[in-house]
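Participant: Sequence unavailable; structure follows:
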């Protein structure tokens with residue numbers, strides 16, 4: 001079988017390349033096109049067909065799709081160490097920016113002009129989440145059973161059923177519900193895996209487990225934060241936006257670590273920083289446990305995504321042919337449309353609407369639908385918020 005690696009970059013080259021890309025990683029999943037341009041077209045680290053398989057994989061497993069695509073490219077280029085350095089390099093700018101902004105938020109968020117800024121930007125959050133619900137719905141709800149899954153999920157979320165139970169039931173319903181899906185009934189792992197790959201993965205997994213175990217005895221609060229973020233990422237099918245309803249439910253409704261408005265402010269900061277929206281975890285961690293919390297929460301929300309890419313990349317060909325896996329994924333993605341719809345309503349009720357905010361919200365929503373660059377939308381909304389509010 002011909003190798004998909006055309007050039008063999010060093011780990012340093014992989015890290016620096018993704019670090020540079022991470023500095024301008026606005027737009028979430030839109031960054032996948034820029035990753036392809038860099039890794040396939042410019043550096044020729046892997047071919048286009050292999051990259052396309054990676055995108056399919058990253059869209060099918062939970063986690064932030066763009067982050068996982070970066071890890072996939074790194075793994076194809078340099079194995080498990082390559083996945084690790086590409087993942088860290090791509091995430092590092094977002095973490096650094098969010099850490100600084102979280103610190104400034106704690107100090108200045110009660111200043112009048114800051115209050116005005118966030119008051120207006122909460123409208124932006126409502127529009128962004130509404131657009132996510134619309135985009136997910138348009139691409140996911142293809143049949144009447146998908147619509148039924150979405151509506152049922154929204155109702156269950158409304159009555160405060162655990163999102164993790166909703167997702168589990170949606171996956172089971174997707175498997176059991178009769179529908180035609182191309183593929184085989186079961187998938188099996190590759191007959192043989194590279195021994196070096198297996199050893200690297202085992203070392204990485206044991207190290208991560210040991211750190212989590214030690215954290216339980218060092219600081220129970222940090223352990224609870226890490227465990228929560230890990231659980232959120234493990235169920236965040238559908239990309240970074242899928243983590244929003246899960247994080248909202250756990251951080252605001254269950255744990256009570258912050259109120260709904262503060263959580264919305266964290267999402268606003270996540271939109272003005274490069275990287276996926278799950279970087280809001282850094283904000284949550286900082287507000288609850290300062291720097292240690294920011295680091296632990298960020299590591300917790302990203303580690304499962306990285307591990308799943310490492311686990312599933314070698315069995316990608318078999319995974320694509322699994323009828324059960326494809327059906328479960330369809331059920332889960334349909335349930336997330338309902339969850340995003342609920343979050344849109346919940347966020348909307350936190351905003352004190354007037355005619356100006358309504359017009360701004362509609363303008364932002366239209367801009368999102370028309371694919372206007374999110375950075376420009378955020379900057380324009382910020383300026384209007386300070387001026388008008």
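Facilitator: In hand now; what should we look at? Since this is a predicted model, take the numbers as computed values, not measurements.
Participant: What mean pLDDT does the helix ranked longest in the chain get?
Facilitator: Of all the segments of type helix in the chain, defined by DSSP state H, the longest one is helix 65-108. Computed over helix 65-108, the mean pLDDT rounds to 90.
Participant: Tell me the helices and strands packed up against it.
Facilitator: In this structure, helix 65-108 packs against helix 11-22, helix 31-36, helix 48-60, helix 195-218, helix 260-272, helix 280-312, with contacts taken as 3 or more CB pairs under 8 Å, 6 or more residues apart in numbering; DSSP states H and E. No exception for glycine: its C-beta is placed from N, CA and C like everyone else's.
Participant: who does the shortest one touch, helix- and strand-wise?
Facilitator: In terms of contact count using 3+ CB pairs under 8 Å, 6+ apart, helix 31-36 is assigned the packing partners helix 11-22, helix 48-60, helix 65-108.
Participant: do you know which of these lies nearest residue 365?
Facilitator: Comparing those by their distance to residue 365 (CB to CB), the top pick is helix 65-108, with 22.4 Å.
Participant: what's the angle from that closest one to helix 280-312?
Facilitator: 160 degrees (axes from the mean of the first three to the mean of the last three CA atoms, to 10 degrees).
Participant: Can I get the helices and strands packed on helix 31-36 in CSV including distance to residue 279 and mean neighbour count?
Facilitator: CSV is the format used below for the helices and strands packed on helix 31-36 (distance: least, CB to CB, whole Å; neighbours: other CB atoms under 10 Å):
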stretch, distance to residue 279, mean neighbour count
helix 11-22, 11, 20
helix 48-60, 17, 18
helix 65-108, 5, 23
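Participant: of those, which approaches residue 310 most closely?
Facilitator: helix 65-108 (5.7 Å).
Participant: Residue 333 touches residue 140, doesn't it?
Facilitator: Yes. Contact status for residue 333 versus residue 140: in contact at 4.7 Å, counting by CB atoms under 8 Å.
Participant: if you skip the residues just before and after it, what's nearest to residue 253?
Facilitator: In space, residue 253 comes closest to residue 160 once its chain neighbours are excluded; the distance is 6.9 Å by CB to CB, 6 or more residues apart in numbering.
Participant: Can you report how many residues neighbour the one you found?
Facilitator: Other residues near residue 160 number 10, with proximity taken as other CB atoms under 10 Å.
Participant: Same question for residue 298.
Facilitator: 26.
Participant: How much space separates it from residue 339?
Facilitator: The gap separating residue 298 from residue 339 is 23 Å, by CB to CB, to the nearest Å.
Participant: With residue 93 instead?
Facilitator: As defined by CB to CB, residue 93 lies at a distance of 29 Å from residue 339.
Participant: Over to residue 123?
Facilitator: 21 Å.
Participant: ditto for residue 167
Facilitator: The separation that residue 167 has from residue 339, given CB to CB, amounts to 9 Å.
Participant: of those two, who's got more company?
Facilitator: Neighbours were counted for residue 167 and for residue 339 using other CB under 10 Å; residue 339 has more, 28 against 24.
Participant: Listing request: residues of the stretch 251-389 of the chain with sub-threshold pLDDT.
Facilitator: 316-321, 373-375, 386, 389 (pLDDT under 70).
Participant: run the last query once more with 80
Facilitator: Low-confidence regions of the stretch 251-389 of the chain, defined by pLDDT under 80, span residues 268, 270-277, 314-337, 339-340, 342-344, 346-353, 368, 370-379, 381-389.
Participant: still on that earlier bit, neighbour-wise, which of residue 333 and residue 140 wins?
Facilitator: Comparing residue 333 with residue 140 by neighbour count (other CB under 10 Å), the higher total belongs to residue 333, at 25 against 19.
Participant: Report the inter-axis angle for the host helix or strand of that one versus helix 280-312.
Facilitator: Secondary structure assigned from DSSP states H and E places residue 333 in helix 323-349. The directions of helix 323-349 and helix 280-312 differ by 170 degrees, with the same axes, to 10 degrees as the criterion.
Participant: Report the buried residues of helix 323-349.
Facilitator: 323-344, 346-348 (16 or more other CB atoms under 10 Å).
Participant: Nearest spatial neighbour of residue 74, chain-adjacent residues omitted?
Facilitator: residue 86 (2.8 Å).
Participant: My guess is that neighbour contacts residue 16. True?
Facilitator: No. With contact defined as CB under 8 Å, residue 86 does not count as touching residue 16 (10.3 Å).
Participant: if we can go back for a sec, quick one: which of the helices and strands packed on helix 31-36 is nearest residue 212?
Facilitator: Closest approach to residue 212 among these is made by helix 65-108 (16.9 Å; CB to CB).
Participant: before we move on, back to that, take the helices and strands packed on helix 31-36 and lay them out in CSV including distance to residue 235.
Facilitator: Rendered in CSV, the data for these read as follows (distance: least, CB to CB, whole Å):
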stretch, distance to residue 235
helix 11-22, 25
helix 48-60, 14
helix 65-108, 15
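Participant: so which of those helices comes closest to residue 369?
Facilitator: helix 65-108 (20.0 Å).
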